[in-house]
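>>> structure of the sequence below:
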Amino acid sequence: MPDRNDRVKENIAGAYYVDSSCIDCDVCRDTAPENFRRSDANSYSFVFKQPLNEEERAACEEALLCCPVEAIGNDGE
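Okay, the predicted model is just below:
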């Protein structure tokens with residue numbers, strides 16, 4: 001389960017976030033490339049852009065559900 005108090009610092013403010021349990025597997029970046037990026041310095045993903053439309057929101061939800069370590073959260077903000 002994602003920990004909202006352990007979000008990685010690169011996340012843009014908003015509902016979706018990645019916490020420090022990310023294992024840098026590429027699933028979220030492949031599933032929602034408009035919204036997730038890789039921190040090369042830290043070897044993990046982060047939310048680069050919050051979803052702006054239903055298509056992006058659906059892709060972020062798919063990434064959240066497919067994350068093998070449940071590092072992606074949605075606070076619904």
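
>>> check which residues of the longest helix that the chain contains are buried.
In the chain, assigned by DSSP state H, the helix with the most residues is helix 54-66. Within helix 54-66, the residues that qualify as buried are E56, R57, A59, C60, E61, A63, L64, counting by 16 or more other Cβ atoms under 10 Å. In short, each C-beta sits where N, CA and C put it, glycine included.

>>> redo the residues you listed as a markdown table? Include distance to D3 and pLDDT.
A markdown table is the format used below for those (distance: Cβ to Cβ, whole Å; pLDDT from 0 to 100):
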| residue | distance to D3 | pLDDT |
| --- | --- | --- |
| E56 | 24 | 98 |
| R57 | 22 | 98 |
| A59 | 23 | 98 |
| C60 | 18 | 98 |
| E61 | 19 | 98 |
| A63 | 17 | 98 |
| L64 | 14 | 98 |
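
>>> now find how far off-centre stretch 66-74 is within its chain.
Put simply, stretch 66-74 sits 7 Å off its chain's centre (Cα atoms, centre = their mean, to the nearest Å).

>>> same check, this time on stretch 19-35
Its chain's average C-alpha position is 6 Å from that of stretch 19-35, according to Cα atoms, centre = their mean.
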